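**Q** Here is a sequence with its predicted model. Questions after.
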Amino acid sequence: MQSLLSTFESAADNLMKVAGAAIKLSIALGSACVILYSIRIGHFPQGLALGDGLLFLLTAGCFGFLYVFFTAGLVGLGSCLSPLTNQVLKLSSWLISKFRGKKIDPAYELEPFQWPAIPFAVMAALMIFALGGRDYSVSLKLLAVAVMLHIFYSVAIDANRKLRVAQRLQDSVIETPEKAQTALEASKHKNTYNIVCFLIMLLPLLIGGVSGQLVDSAMRLANVRIEYPVIYTKAPYDQLLPESLIARNLKVPEGYKAYEGISVRFRGFGSTTVVAFKDEGIERQLEIPNDQLIVEKKTPKRVFPMSGDQPEAK
């Protein structure tokens, strides 16, 4: 029982350290992603007020929150796969040793499977199912990313462990021949730790294949993007929307017309809202002033769209 508690406390301590650095980096990534999202849809908010700065931080925080949980989930999934990963790495090491004619010892040890990783693995599996859907190549790519993240996580934990040992030897008042060498080892382990933590945070975004979906999901979470609303607008903007999208059997405010099948791409910042829709097979995007538009959420919000949902306008 004591051993189990010790294992859980060690895992929790390691996760807290990684999460602390991850949150700071993810907020910075979130800010960059909000800007990139604006570039992607071709809309730069105008007429910004002081309060929009707070909304910007909130949106960046939503992405950071989502991305940290996504990354932690993949690390947990990689931990659950670690028994298999460990055997593959041992086989690879044995083959390389045979080829080179000498035994090769790994610089860092792979962290063993730990029970606290299971909830994170379940969360990651659900997110992979939601993001990948029927595209099995995306799911397989995310599984590979999970294995790589666990390897990097193991390197970070082992490097931090060896760094603490080297620092304790350096702080010792007893002079030994090994003390000068430990300074170089401490610097090596510290650099390895910093680089690997940076890679852990960037890897899902760079090669996960779902960066666009994560950004869109963060925009939904922050209510910047809405997929299935009913929108009410009035002249002259109602003349720019196709009549085929007019919603029937709805109570409409005087002077307005109701429309369905339109995606709200950007709202909350600035003085206009961006909507997108299909018109005779052509993708169109329109900016409507906020005082000319009412947005009604028709269905419960889903952060991650499922494979059976109506596809969004591209």
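**A** Thanks, I have the structure now. Numbers count the residues shown, from 1 in each chain.

**Q** Look up how far Leu89 lies from Glu111.
**A** 12 Å (CB to CB, to the nearest Å). Quick note: C-beta positions are derived from backbone N, CA and C, even for glycine.

**Q** Those two: who's more crowded?
**A** Taking neighbours as other CB atoms under 10 Å, Glu111 and Leu89 compare with Glu111 leading, 22 against 14.

**Q** Burial check on the residue nearest to that one when sequence neighbours are not counted, number of neighbours?
**A** Nearest-residue entry for Glu111: Ser154, 4.1 Å, with adjacent residues in sequence omitted and distances by CB to CB, 6 or more residues apart in numbering. A count of nearby residues for Ser154, using other CB under 10 Å, gives 23.

**Q** hang on, Ser154 in a helix?
**A** Yes - counting by DSSP: H, G, I helix; E, B strand; the rest coil, Ser154 is found in a helix.

**Q** helix or strand for the residue positioned nearest the centre of the chain, which one?
**A** In the chain, the centroid-proximal residue (CA atoms, centre = their mean) is Tyr67; its distance is 2.6 Å. Using DSSP states H and E, Tyr67 falls within helix 50-80.

**Q** For that helix, which residues meet the burial criterion?
**A** 55-56, 59-80 (16 or more other CB atoms under 10 Å).

**Q** how about low-confidence regions in the stretch 151-300 of the chain?
**A** For the stretch 151-300 of the chain, the stretches with pLDDT under 70 are 172-180, 298-300.

**Q** How many residues are close by Pro220?
**A** You called it Pro, but residue 220 is Arg. 19.

**Q** With Gln167 instead?
**A** Gln167 has 16 neighbours, counted by other CB under 10 Å.

**Q** Which residue is the nearest non-sequential neighbour of it?
**A** Gln167 sits nearest to Ala186 (CB to CB, 6+ apart), 5.8 Å away.

**Q** A strand includes Ile288, no?
**A** Yes - Ile288: assigned to a strand according to three-state DSSP.

**Q** ok, now which ones touch it?
**A** Thr233, Tyr237, Thr272, Thr273, Val275 (CB atoms under 8 Å, 6 or more residues apart in numbering).

**Q** separation between the residue lying closest to it once chain neighbours are set aside and Cys80?
**A** Once flanking residues are discounted, Ile288 sits nearest to Tyr237: 5.0 Å by CB to CB, 6+ apart. Distance from Tyr237 to Cys80, counting by CB to CB: 52 Å.

**Q** just Ser38 next, same as before
**A** 37 Å.

**Q** where does the closest residue to Ser271 other than its chain neighbours fall, helix, sheet strand or coil?
**A** The shortest distance from Ser271 to any non-neighbouring residue, by CB to CB, 6+ apart, is to Gly47 (3.4 Å). Three-state call for Gly47 (three-state DSSP): coil.

**Q** Return the residues in contact with the residue nearest to Ile288.
**A** If a contact means CB under 8 Å, 6+ apart, then Tyr237 has Leu286, Ile288, Gln292, Leu293 as its contacts.

**Q** Name the residues linked to the last one by a beta bridge.
**A** Read that as Leu293. Taking DSSP bridges as the rule, Leu293 bridges to Thr233.

**Q** where exactly do the helices run in the stretch 151-300 of the chain?
**A** Using DSSP state H, counting those that start in this stretch, the helices of the stretch 151-300 of the chain run over residues 177-207, 211-221.

**Q** Can you give the contact residues for the last one?
**A** By CB under 8 Å, 6+ apart, the list of residues contacting helix 211-221 from outside reads 30, 33, 36-37, 40, 59, 62-63, 65-67, 70, 131, 205, 208, 225-227, 266, 301-304.

**Q** That one to helix 177-207, inter-axis angle?
**A** Helix 211-221 and helix 177-207 are oriented at 80 degrees to each other (axes from the mean of the first three to the mean of the last three CA atoms, to 10 degrees).

**Q** buried ones in helix 211-221?
**A** Per 16+ other CB under 10 Å, helix 211-221 contains these buried residues: Gln213, Leu214, Val215, Asp216, Ser217, Ala218, Met219, Arg220, Leu221.

**Q** again, but for the longest one
**A** Buried residues in helix 177-207, counted by 16+ other CB under 10 Å: 182, 185-186, 189-190, 192-193, 196-197, 200-201, 203-205.

**Q** Break the chain into its domains for me.
**A** Domain assignment for the chain by automatic domain parsing gives 2-217, 225-297.

**Q** Neighbours of Ala49, how many?
**A** 11.

**Q** From Gly30, how far out is it?
**A** Using CB to CB, one gets 21 Å for the distance from Ala49 to Gly30.

**Q** What backbone torsions are found at Tyr136?
**A** phi -70, psi -20 (degrees, to the nearest 10).
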